[in-house]
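Trainee: sequence plus predicted model, see below.
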Amino acid sequence: MKIKYCCKNFKNKNGSKSVFKSMKDEFPDIEHKKKDCLGCCKLCSRQCVAKVGKSGVICAESPDQLYLQLKQLLGTSEVETAAV
């Protein structure tokens with residue numbers, strides 16, 4: 001699994017920079033990438049944004065909420081992978 005973060009979103013006051021750092025430290029086995037633009041500018045300018053996989057965009061009102069959503073998503077996918 002790959003999680004992409006928008007560099008422009010890092011600069012917002014409620015941006016995803018802290019989420020990127022925390023997720024990278026906590027989940028080193030997952031590929032974390034910073035991209036110049038994820039192509040979801042209307043969401044990105046108002047909320048914290050991360051792109052999971054090829055198309056799944058996760059949005060949250062705060063970095064803490066984005067972190068919890070990503071963590072929950074990764075926990076679910078790890079359980080599914082282990083069951084296979």
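Mentor: Sure, I can see it.
Trainee: name the nearest residue to the residue most central in space within the chain, sequence neighbours excluded.
Mentor: Closest to where the C-alpha atoms of the chain average out (C-alpha atoms, centre = their mean) is residue 50, at 3.3 Å. In this structure, residue 50 finds its nearest non-sequential neighbour in residue 58, 5.0 Å apart by C-beta to C-beta, 6 or more residues apart in numbering. Using the backbone N, CA and C atoms, a C-beta is placed for each residue, glycine as well.
Trainee: ok, now which ones touch the one you found?
Mentor: 49-52, 66, 69-70, 73 (C-beta atoms under 8 Å, 6 or more residues apart in numbering).
Trainee: mind running it again at 7 Å?
Mentor: 50, 52, 66, 69-70 (C-beta atoms under 7 Å, 6 or more residues apart in numbering).
Trainee: now do the SS call for the residue nearest to the centre of the chain.
Mentor: strand (DSSP: H, G, I helix; E, B strand; the rest coil).
Trainee: what bridges to it?
Mentor: Here residue 50 sits in beta bridges with residue 5, residue 58, going by DSSP bridges.
Trainee: so for stretch 56-64, what's the average pLDDT?
Mentor: For stretch 56-64, mean pLDDT is 92.
Trainee: try stretch 71-84
Mentor: Mean per-residue pLDDT for stretch 71-84: 62.
Trainee: how about stretch 14-25?
Mentor: Rounded mean pLDDT across stretch 14-25 is 91.
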